[in-house]
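Trainee: Need a 3D model of the sequence below.
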Amino acid sequence: MLVKYKQSYEKTAMGLLAFSCSDKSPLALLELVRSYEEDPARFLYLWRVGEDFVGIIGMEQQDTTMHILHIALSPSFRGEKRSYELLDETRNLLPLDLTLTGQGKTGELLDKWNQVAI
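Mentor: Okay, the predicted model is just below:
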């Protein structure tokens with residue numbers, strides 16, 4: 001289940017974001033989380049499976065496009081199938097007129113997911 005970020009999840013969000021960021025310093029991760037808090041066009045969701053947060057997805061909306069900026073799963077939940085489940089839940093959360101996009105590895109993952117989803 002996707003859960004909208006709130007400040008009480010700050011440390012959990014920082015830990016999950018560290019899996020997708022090259023700069024894993026606490027200050028850089030804190031600044032990243034704060035950028036999601038402060039920018040109304042940015043959205044951060046934590047993915048809960050059972051009682052545990054096991055993934056995170058950060059997005060930025062520009063018109064009718066939702067750019068995935070960060071996506072990460074904890075090591076015990078990694079794999080394309082789990083990533084697809086996270087993307088499925090994200091797609092179900094968003095209005096249908098929004099297009100999901102990503103760059104680099106995230107773009108490649110989205111392309112594969114779109115082929116499976118069809």
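
Trainee: use CA for all of it now, contacts and neighbours both
Mentor: Noted.

Trainee: Can you get me a residue count around residue 48?
Mentor: For residue 48, the count of nearby residues is 15 (other C-alpha atoms under 10 Å).

Trainee: what do you get for residue 39?
Mentor: So residue 39, with other C-alpha under 10 Å, has 10 neighbours.

Trainee: and if you look at the one 4 residues further on?
Mentor: The criterion is other C-alpha under 10 Å. On that basis, residue 43 has 20 neighbouring residues.

Trainee: Ok, residue 21 next?
Mentor: Applying other C-alpha under 10 Å, we find 15 residues neighbouring residue 21.

Trainee: May I have the beta-bridge partners of the residue nearest the centre of the chain?
Mentor: Central residue of the chain (C-alpha atoms, centre = their mean): residue 57, 0.7 Å from the mean position. Residue 57 has these beta-bridge partners by DSSP bridges: residue 45, residue 71.

Trainee: Help me confirm that it comes into contact with residue 36.
Mentor: No: Residue 57 lies out of contact with residue 36 (C-alpha atoms under 8 Å); the separation is 11.0 Å.

Trainee: shared neighbours, those two?
Mentor: Listed as contacting both residue 57 and residue 36 by C-alpha atoms under 8 Å, 6 or more residues apart in numbering are residue 44.

Trainee: Residue 81 versus residue 29, what's the distance?
Mentor: Taking C-alpha to C-alpha, to the nearest Å as the measure, residue 29 falls 27 Å from residue 81.

Trainee: out of the two, which sits in the more crowded spot?
Mentor: Neighbours per residue (other C-alpha under 10 Å) separate residue 29 from residue 81, with residue 29 holding more: 21 against 11.

Trainee: That one: what's its closest spatial neighbour, skipping adjacent residues?
Mentor: residue 14 (5.5 Å; C-alpha to C-alpha, 6 or more residues apart in numbering).

Trainee: What of residue 53?
Mentor: Residue 53 sits nearest to residue 47 (C-alpha to C-alpha, 6+ apart), 5.5 Å away.

Trainee: before we move on, what about residue 97?
Mentor: Using C-alpha to C-alpha, 6+ apart, the nearest residue to residue 97 is residue 64, at 6.5 Å.

Trainee: Perfect, I'm done here.
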